[in-house]
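[1] dropping the sequence and predicted coords here.
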Amino acid sequence: MIDLAGFALAVLLIELTPGPNMGWLVTLTLAEGRRAGLGAITGIALGLSANAALSVLAASIILAQGPALSRGVSLLAAVMMAWLAWEAWDGSRGDAGESSPTVTPRHADQRHALAGFAINLLNPKSALFFISVMPQFIPGGQPSFAQGLTMAAISVSIATAIHLALVLGAERARSVLMAKARAQIVRRILAIAMLAIAAWFVAKAFA
């Protein structure tokens, strides 16, 4: 049986760690208003959905090659979670499941949506996270396409809910994100939790 709760928790830990999408959405909303932020959220959600769907297809092909490769994917998932934990711990987190435009587009909501879509669609780190982590929550480590799409929907839904909360409460979110001492404590708690998940992936690989 798929461990949807465990997968959702892993995704939630990643999405709650401040990243570029968060910073972009808060800045954009404060500068141009809620409508601009909502437009960006639409593009980000569509980009993440397309990225996840392609990742599901790639995972189904890769994991069908045999148990040895499945073990390798488990170890890769552990390494990636440990890497994300390190980035969260020292405050220089990259963009697992997150990305942002190099230049924030202006003047039109459609451009914000397009920027969010393109950057999240082409984010290789997001794809690698999904391909390596998703199989760890499925018996046998070989998800069907339908199972993968279900988990993709959960992942995108969690990310979108968090992004929506940020945009709707941008002023309040900004004060939280800017409080360095508080943010550091939260990041390090999340980092420890991600390390625990990484250890579980390693144990699973050699079970």
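    Nice, thanks for sending it over. Bear in mind the structure is a predicted one, so any value in this text is a computation, not a measurement. Residues are numbered from 1 along each chain as shown.
[2] how about the helices in this structure?
    4-16, 20-32, 34-63, 67-90, 109-121, 124-133, 145-168, 170-178, 180-205 (DSSP state H).
[3] which one of the ones you listed lies closest to Pro139?
    Ranking the helices of the chain by their distance to Pro139 (criterion: C-beta to C-beta) puts helix 145-168 first, at 10.2 Å. For glycine as for every other residue, the C-beta is placed from the backbone atoms N, C-alpha and C.
[4] quick one, that closest one and helix 124-133 angle?
    If you take axes from the mean of the first three to the mean of the last three C-alpha atoms, to 10 degrees, helix 145-168 sits at 130 degrees to helix 124-133.
[5] touching helix 145-168 from outside, list them.
    Identification of contacts with helix 145-168 by C-beta atoms under 8 Å, 6 or more residues apart in numbering yields 2, 4, 7-8, 11-12, 15-16, 21-22, 25-26, 29, 34, 37-38, 40-41, 44-45, 48-49, 52-53, 55-57, 59-60, 97, 130, 134, 137-138, 143, 173.
[6] show the buried residues in the residues you listed.
    2, 7-8, 11-12, 15-16, 21-22, 25-26, 29, 37-38, 40-41, 44-45, 48-49, 52-53, 55-56, 59-60, 97, 130, 134, 137-138, 143, 173 (16 or more other C-beta atoms under 10 Å).
[7] near Ala165, how many other residues are there?
    Using other C-beta atoms under 10 Å, Ala165 has 12 neighbouring residues.
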